[in-house]
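Undergrad: Only the shape, not the letters, is given here:
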């Protein structure tokens, strides 16, 4: 969030620790007892009409428009089916280039691009869409990063392929190395390489780790959850559910006894 704000000339007054504390308080006050989705948003709050994110006063001094922050949380189930593999298509909609809108920022405007691709996929009977760059390289899903398995090796699109540098993506890379001894290669991936890979999965905050069984009507591997994908799912869920003690320091409990009363 802080990195995205800097890219978009937004000022976020809260530190990461303060944002975590605010999140804990929201969850506590709402009384959630199930999985929830938390969405923090930084936005321009000025009533000034125009396209510039700065303004010039009567003396010619330039200053940023006022920024504000909000956060909401809501109960959230599985965004994609994690118990069975999903079917995907290559979208006709092209992923926005980084020199159009910063693709590595988590900007709400980017979701128009994703929404068009997701809607197209569902209208055509698929669960999810995979988007290509203008150069024809694989970028990501509409709201997920992408990994393939080839000959026992993990491969994922490089950050230069207009992807969001997702936290779940970084988590998968680290867990694969530490728990399975698998290094991840970050490089360009062509569309046809997806058709010939052994395994394919998507990952993200909502998607978690979701296996892909078919792409454009073609079977991926044997058309089921691949062995490495299954291992990564098991490892990931053990970590995020607090069942793996080695990674408990990655988690922030949101139980009443851990929540402050600053709000």
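TA: Sure thing, it's come through. Just so you know, these numbers come straight off a predicted model, no measurement behind them.
Undergrad: Quick one: distance of stretch 112-127 to the chain centre.
TA: Its chain's C-alpha centre and that of stretch 112-127 lie 17 Å apart, by CA atoms, centre = their mean, to the nearest Å.
Undergrad: Please, where are all the strands along the chain?
TA: 36-44, 54-56, 62-64, 67-75, 86-90, 128-132, 138-141, 145-150, 153-156, 184-186, 199-204, 208-215, 218-219 (DSSP state E).
Undergrad: Can you say which of those is nearest to residue 109?
TA: Checking those against residue 109 by CB to CB gives strand 36-44 as the closest, at 11.0 Å. To be clear about C-beta, it is placed using only N, CA and C from the backbone, and glycine gets the same treatment.
Undergrad: which other helices and strands contact the closest one?
TA: Contacts defined by 3 or more CB pairs under 8 Å, 6 or more residues apart in numbering; DSSP states H and E place strand 36-44 against helix 16-30, strand 67-75.
Undergrad: Mind putting those into TSV with mean pLDDT?
TA: Converted to TSV, these look like this (pLDDT from 0 to 100):
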stretch	mean pLDDT
helix 16-30	89
strand 67-75	90
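Undergrad: Residue 242 is nearest to which of the ones you listed?
TA: Across the helices and strands packed on strand 36-44, closest to residue 242 is helix 16-30 (CB to CB), at 15.2 Å.
Undergrad: can you give me the angle that closest one makes with strand 67-75?
TA: In terms of direction (axes from the mean of the first three to the mean of the last three CA atoms, to 10 degrees), helix 16-30 departs from strand 67-75 by 40 degrees.
Undergrad: Of all the helices and strands packed on strand 36-44, which one comes closest to residue 243?
TA: helix 16-30 (20.1 Å).
Undergrad: could the strands of the chain go into TSV alongside distance to residue 15?
TA: Below are the strands of the chain laid out as TSV (distance: least, CB to CB, whole Å):
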stretch	distance to residue 15
strand 36-44	13
strand 54-56	24
strand 62-64	19
strand 67-75	12
strand 86-90	37
strand 128-132	33
strand 138-141	29
strand 145-150	26
strand 153-156	30
strand 184-186	30
strand 199-204	25
strand 208-215	27
strand 218-219	47
